[in-house]
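Q: Quick one, fold the following:
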Amino acid sequence: MTRNRRLFSLALLVMWVGAVAYLTLTPGGYGRTTSLRGFLCFACGELDGSDIIRNWILFVPGGLLATHLLGPRRAVALGLCFTAFIEVAQLGLPGRDSALQDLVFNALGAVTGAALMHRGLARWSRQLLMAAAAVAWLAPLPLLVPKATPFDLYGQWTPRFGRTARYQGRIVDASIDGLHIESRRFREKAALDEAITGRAPLRLVLRVGPPPSSLAPIFQIADARQQFVMELGALGPDLILRGHNPARILKLDQPDARWAGAMLGVAVGDTVPVVIDRGRGSVCMSVGEREQCNLAPSLAEGWGHILYLEGPPAWFRALMSLMWAAGLGGLIGLASDRWRSAVGVGLAVALAGYVGANLSPDVRPEVLHAAVLFVGTLAGAGMRSPVVRVWRASRPS
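A: Just a heads-up that it's a prediction; the model follows:
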């Protein structure tokens with residue numbers, strides 16, 4: 001290994017350590033909640049599925065770089081020491097929860113990176129990587145389908161649970177498919193389950209409050225575990241809709257249906273009708289006389305299953321979606337054996353996603369995102385040979 005290459009790898013490793021420390025050791029602004037029972041519990045949190053995936057992926061680059069510099073055994077030991085340091089340090093940080101599962105999956109990420117650098121990618125593992133990228137692209141189609149819950153259901157008007165803000169406006173009336181929903185337990189659960197899974201319209205009469213600076217639920221249907229089955233919230237002038245679906249069952253986060261600027265032009269104190277209609281092949285929202293459709297998330301917003309971003313501007317979310325589409329396409333291309341298979345698989349995945357989104361009322365079809373996925377596949381296939389050469393030259397002897 002040349003000196004310049006070693007210095008470059010060391011610089012990347014230092015940058016990775018700094019980024020991970022910033023992401024994991026920045027106080028969250030809330031009181032410490034870690035207990036011994038919470039530390040030992042695996043997959044007990046509401047979104048632990050997303051946490052597990054993030055923790056695993058986060059340490060793969062560290063395992064790759066450390067193996068390049070130190071060899072696989074020392075790289076794994078370094079990963080274990082670093083993640084143990086993080087979990088101990090989080091015990092004293094407000095808003096941070098230390099957990100054994102974080103330590104385990106961080107360590108597995110480091111082991112994965114070390115194994116990739118030390119042994120390289122066999123044909124079966126490249127095929128597995130290609131399949132994983134395709135599944136990640138198509139995942140929103142089954143994961144966003146609304147599902148019923150076996151627990152009792154409760155209407156919630158402008159609730160505040162956990163770390164959410166309280167909406168300062170007031171609901172005057174709420175109904176779904178003609179079923180009047182008040183802020184209490186709903187007795188006709190079967191009818192309400194059918195209305196929710198059938199995507200019946202939600203109709204509110206809302207006395208508008210000031211735009212909240214963080215996500216504030218306006219209306220919820222929650223179950224007896226205080227988990228929302230349907231939630232309409234506000235963030236600044238935006239309206240945000242989320243629901244109970246297989247993503248929630250798997251303890252994943254989910255992309256939202258969002259109307260940016262929905263409450264612009266509506267004065268605080270005004271009483272307006274708000275309608276959320278999911279039964280016209282898309283998600284449509286109306287506030288007063290204004291209406292916006294095609295608000296369902298696209299397949300390229302599947303990154304929201306792993307990392308839900310509440311407050312970034314629309315341009316940043318659009319950039320994340322383009323990067324997700326290009327990145328998954330790039331993985332398909334890199335994992336392909338030859339150009340023909342890359343083109344075939346990339347085109348098949350892009351078309352399957354576009355057709356599926358057109359048939360689904362829960363996902364928005366986007367030609368641009370499908371095209372970016374396919375172009376990313378071609379780019380990945382074109383980069384495969386130089387990447388393989390660099391990879392082989394970088395692996396420790």
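
Q: going forward, measure contacts between C-alpha atoms and count neighbours the same way
A: Noted.

Q: could you show me where the helices are in this protein, in order?
A: Along the chain, the segments classed as helices by DSSP state H run 3-25, 36-40, 48-70, 72-90, 100-119, 123-138, 140-143, 189-197, 246-249, 314-335, 339-359, 367-394.

Q: From the contact counts, what lies against the longest one?
A: Okay, so that is helix 367-394. If contacts are counted by 3 or more Cα pairs under 8 Å, 6 or more residues apart in numbering; DSSP states H and E, helix 367-394 sits against helix 314-335, helix 339-359.

Q: And for the fifth one?
A: Applying 3+ Cα pairs under 8 Å, 6+ apart, we find helix 100-119 packed against helix 36-40, helix 48-70, helix 72-90.

Q: Going by the annotation, which residue ranges form each domain of this structure?
A: Domain assignment for the chain by automatic domain parsing gives 1-119, 121-143+298-397, 153-296.

Q: shaky segments in the stretch 1-150 of the chain?
A: Scanning the stretch 1-150 of the chain for pLDDT under 70 picks out the ranges 1-2, 28-39, 42-43, 95, 121.

Q: that older thread, pick the most buried one from the helices and strands packed on helix 100-119.
A: Highest mean neighbour count among those (mean count of other Cα atoms under 10 Å): helix 48-70, with a mean of 22.

Q: OK, contacts around residue 259?
A: 238, 239, 240, 285, 292, 295 (Cα atoms under 8 Å, 6 or more residues apart in numbering).

Q: Just the ones of the residues you listed in strands?
A: 238, 239, 240, 285, 292 (DSSP state E).

Q: burial measure for the last one, as a count.
A: When you say that, I think you mean residue 292. Residue 292: 14 surrounding residues under other Cα atoms under 10 Å.

Q: Please verify my assumption that it contacts residue 286.
A: Yes - applying Cα atoms under 8 Å, one finds residue 292 in contact with residue 286, separated by 6.3 Å.

Q: between the helices and strands packed on helix 100-119, which one is nearest to residue 156?
A: When those are compared by Cα to Cα, helix 48-70 sits nearest residue 156, at 24.9 Å.

Q: Okay, angle between the closest one and helix 367-394 too, please.
A: In terms of direction (axes from the mean of the first three to the mean of the last three Cα atoms, to 10 degrees), helix 48-70 departs from helix 367-394 by 30 degrees.

Q: For helix 48-70, name the packing helices and strands.
A: Short answer (3+ Cα pairs under 8 Å, 6+ apart): helix 48-70 packs on helix 3-25, helix 72-90, helix 100-119.

Q: Give me the buried positions along the longest one.
A: Same thing as helix 3-25. 9, 10, 12, 13, 16, 20, 24, 25 (16 or more other Cα atoms under 10 Å).

Q: picking up where we left off before, including pLDDT and distance to residue 124, could the ones in strands among the contacts of residue 259 go into JSON lines?
A: Shown next, in JSON lines, are the ones in strands among the contacts of residue 259 (pLDDT from 0 to 100; distance: Cα to Cα, whole Å):
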{"residue": "238", "pLDDT": "95", "distance to residue 124": "45"}
{"residue": "239", "pLDDT": "96", "distance to residue 124": "45"}
{"residue": "240", "pLDDT": "95", "distance to residue 124": "41"}
{"residue": "285", "pLDDT": "96", "distance to residue 124": "46"}
{"residue": "292", "pLDDT": "94", "distance to residue 124": "46"}
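
Q: Highest neighbour count among those residues?
A: Ranked by neighbour count (other Cα under 10 Å), the ones in strands among the contacts of residue 259 have residue 285 at the top, with 27 neighbours.

Q: Could you verify my assumption that that residue touches residue 279?
A: No - counting by Cα under 8 Å, residue 285 sits too far from residue 279 to count as a contact (11.3 Å).

Q: Can you report how many residues neighbour residue 226?
A: Residue 226, neighbours per other Cα under 10 Å, totals 11.

Q: can you tell which of the helices and strands packed on helix 100-119 is closest to residue 382?
A: Closest of the helices and strands packed on helix 100-119 to residue 382 is helix 48-70, at 22.4 Å (criterion: Cα to Cα).

Q: Dump the helices of the chain to JSON lines, plus distance to residue 230.
A: As requested, the helices of the chain are exported to JSON lines (distance: least, Cα to Cα, whole Å):
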{"stretch": "helix 3-25", "distance to residue 230": "30"}
{"stretch": "helix 36-40", "distance to residue 230": "27"}
{"stretch": "helix 48-70", "distance to residue 230": "20"}
{"stretch": "helix 72-90", "distance to residue 230": "33"}
{"stretch": "helix 100-119", "distance to residue 230": "29"}
{"stretch": "helix 123-138", "distance to residue 230": "23"}
{"stretch": "helix 140-143", "distance to residue 230": "15"}
{"stretch": "helix 189-197", "distance to residue 230": "8"}
{"stretch": "helix 246-249", "distance to residue 230": "11"}
{"stretch": "helix 314-335", "distance to residue 230": "23"}
{"stretch": "helix 339-359", "distance to residue 230": "21"}
{"stretch": "helix 367-394", "distance to residue 230": "27"}
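
Q: and residue 335, which of the helices and strands packed on helix 100-119 is closest to it?
A: Nearest to residue 335, of these and by Cα to Cα, is helix 48-70 at 17.2 Å.

Q: Please save the CA atoms from that closest one in PDB.
A: What follows is helix 48-70, C-alpha atoms only, in PDB (Å, rounded to 0.1, in the frame of the first residue of the first chain):
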ATOM      1  CA  ASP A  48     -36.500  -0.300  16.300                       C
ATOM      2  CA  GLY A  49     -36.600  -1.900  12.800                       C
ATOM      3  CA  SER A  50     -35.300   1.400  11.300                       C
ATOM      4  CA  ASP A  51     -32.800   1.800  14.200                       C
ATOM      5  CA  ILE A  52     -31.400  -1.700  13.500                       C
ATOM      6  CA  ILE A  53     -30.900  -1.000   9.800                       C
ATOM      7  CA  ARG A  54     -29.300   2.400  10.400                       C
ATOM      8  CA  ASN A  55     -26.900   1.100  13.100                       C
ATOM      9  CA  TRP A  56     -25.800  -1.800  10.800                       C
ATOM     10  CA  ILE A  57     -25.300   0.500   7.700                       C
ATOM     11  CA  LEU A  58     -23.600   3.200   9.800                       C
ATOM     12  CA  PHE A  59     -20.600   1.000  10.700                       C
ATOM     13  CA  VAL A  60     -20.000  -0.700   7.400                       C
ATOM     14  CA  PRO A  61     -17.800   2.100   6.000                       C
ATOM     15  CA  GLY A  62     -15.800   2.100   9.200                       C
ATOM     16  CA  GLY A  63     -15.200  -1.600   8.900                       C
ATOM     17  CA  LEU A  64     -14.100  -1.200   5.300                       C
ATOM     18  CA  LEU A  65     -11.600   1.600   5.900                       C
ATOM     19  CA  ALA A  66     -10.200   0.200   9.100                       C
ATOM     20  CA  THR A  67      -9.600  -3.200   7.500                       C
ATOM     21  CA  HIS A  68      -7.800  -1.400   4.700                       C
ATOM     22  CA  LEU A  69      -5.500   0.200   7.200                       C
ATOM     23  CA  LEU A  70      -5.200  -2.300  10.000                       C
END
